[in-house]
Structures are given as C-alpha cells and as structure tokens.
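> Give me the fold of what follows.
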Amino acid sequence: MYKKIICILVMMLLITSVLTTTSAMNFQTKRLENDNNYSQSNQNTPANSPGLITIKIVGLVKEVEDPHNLLGGVIKVTDRVRGKYIYDSGKLDSEPDPQVGEYHYTSSTFGIEIKIGGLVFKTNPSNVDFSILILDDQFYINRYIDAYAVTSDNNLQLSNGMLVDMIALWLEDSTCTALSSDALPTTAPQLSDWNDCTFIIYGNNPSDPSEFYDILILPEKFILNRTRALSYLWFLERFPLLERLLNFI
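Residues are numbered from 1 along each chain as shown. Below you'll find the model as predicted:
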C-alpha cells in the first residue's frame, strides 16, 4: 500500500507539472468571504478523544485542464471549493517503519467528498479505498521531508457519467518540523506548517480513457468540524443512512 500511495503521489506531481500556471496574485484579489459555517475559531479545536474525525476543506479552484469538455464548463478557476474527509484516529498503523504511518480504510463511514460548481467528487461508499499516509522525517526523492497524504482511489461517477479516478491531497514540509511522529493527527492540518501543498482531482471519460480532466485546488483552510467517540462508529457502520442526518457539510 505504501508503494501504491507513493506511485500515486509521483503521478500527482507529473499531472500538476503540465497544468497551465496561474498567477498567485489572482488568488490574492479573490479570497474567500467569511463563512459562519467555516469559522476560523473552529480550526484549532483539539480532539476530545480518539474516534471519528471530520476535517472540512475550504478553498478555490486554482487550475482546470479539461481539453475534451468532460466537465461541461461548469468548473472555472477561482470557483469556491467545499469538502470534507472522515477518518478514525484510532486506526492502527499497518506500516512497521516508525517513521511511516499507513492508515487504510474500507468501511463506508470513511472517505472524502468535494463539491465544486454543482459537481460532487466522492469516495464510493460501496467500494471504499481510502488512505492516509504520514511520513515523519522520511527520506523521499533525494531529501528528508514530513508529509501528510490523503488519497481516495475508488470514487463515484459524476452526475454526467464521467469517472473520478483519483482524489489526492499531498502536504509536504522540507524542514521536517510539521510532524513529530507517524501517528494520525487528531487536529486539522495547519497550512502554515507546510511549505508545499498539492490537491488534485483527476478523471476521464469511460467511453474513451484518453479523454481526461484535471482540477488543481488551492486550499484556504482545513477545519476540525467535530470528533465522535469510537462507539459512534458502531452505529454509523451498521446504519449508514444516519450520516445523512448529521449533515457534515
């Protein structure tokens, strides 16, 4: 699994390298408005106990490459992005390396969901392949880094039938100070702790895999929405419709 995630991350770097560069000044002039539902005061809320953790995402579309118009033109640069990902902070590390944390989820409770321009990019709850990778002071591509990666490989088709092959977030810190262990964090990532961030959605046309689209996202905030005791996992896994009532977004 670790090698699989590394391959995904290398692919992310290759994809982003061919996207058209957008000036950062364009994003300085169009920042997100304050939103009571995404209050900065919630961002540093500590987790009360291990359990079900929801991290909300607020950001902007930075770049879009859609040469075959698979998205129908509904997603544009600077469009607002909202989303969330859900994981269990009590999950055991499957990687014995003390500097590598590998946490893989297959239950329908877990995954990521991103909403942009009326489209929803979401982990397939019927076939979950969702992972969080933690690298603490790990040698990676000729340098030592801290890294935090979130990936979803099995995702629902879009409402227009297009595939969502990959949803992936990669945070990297070349100073190796962002993390102190390979344990799963119980708080939201702080963008100021990381000097590189790549957040990409990639998909294609099921009728012609050579037709593809890429969306590069510029995160503005990661917010700890709420934590739930492990006992809640029992209910959510057995009664998945309960999640709709919780209305995380």
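
> shouldn't Tyr140 be in contact with Ala149?
No: Tyr140 lies out of contact with Ala149 (CB atoms under 8 Å); the separation is 10.8 Å. Bear in mind the C-beta positions are built from the backbone N, C-alpha and C, glycine included.

> So between the two, which is more surrounded?
Between Tyr140 and Ala149, counted using other CB atoms under 10 Å, Ala149 has the larger neighbour count: 21 against 14.

> And the more buried one, how far from Ser126?
Applying CB to CB, to the nearest Å, the value for Ala149 to Ser126 is 24 Å.

> what's the helix or strand for the residue sitting nearest the centre point of the chain?
By CA atoms, centre = their mean, the mean C-alpha position of the chain lies nearest to Leu169, the distance being 4.4 Å. Per DSSP states H and E, Leu169 falls inside strand 166-173.

> Beyond that strand, next helix or strand please.
strand 196-205.

> all strands of the protein, in order?
For the chain, the strands defined by DSSP state E cover 51-65, 80-88, 100-105, 111-116, 119-122, 130-139, 144-152, 166-173, 196-205, 208-229.

> who wins for proximity to Gly73 among the ones you listed?
strand 51-65 (9.4 Å; CB to CB).

> Pull up the pairing partners for that closest one, direction included.
strand 80-88 (antiparallel), strand 208-229 (antiparallel) (DSSP bridges).

> average model confidence for it?
Across strand 51-65, pLDDT averages out at 95.

> Please identify the buried residues of stretch 105-116?
Tyr105, Ser108, Thr109, Phe110, Gly111, Ile112, Glu113, Ile114, Lys115, Ile116 (16 or more other CB atoms under 10 Å).

> can you tell me how far the second one sits from Thr186?
It refers to Ser108. In terms of CB to CB, Ser108 sits 22 Å off from Thr186.

> now swap in the last one and tell me
Computed with CB to CB, the distance linking Ile116 and Thr186 is 28 Å.

> Kindly state the beta-bridge partners for Phe130.
Beta-bridge partners recorded for Phe130 (DSSP bridges): Tyr105, Ser152.

> One more: the one 5 residues further on?
The residues listed as beta-bridge partners of Leu135 by DSSP bridges are Val100, Ala147.

> didn't it look like it was pressed against Ile141?
No: counting by CB under 8 Å, Leu135 does not reach Ile141; the two are 11.2 Å apart.

> neighbour count winner among those two?
Ranked by neighbour count (other CB under 10 Å), Leu135 and Ile141 place Leu135 first, with 27 against 9.

> Next up, the contacts around the more buried one.
Gln99, Val100, Gly101, Ile145, Asp146, Ala147, Tyr148, Ala149, Leu179, Asp182 (CB atoms under 8 Å, 6 or more residues apart in numbering).

> Then Asp196?
Trp170, Leu171, Glu172, Asp173, Ser174.

> How about residues contacting stretch 144-153?
Outside stretch 144-153, the residues that reach it (CB under 8 Å, 6+ apart) are 5, 8-9, 85, 111-112, 123, 129-138, 140, 165-179, 185, 189, 194.
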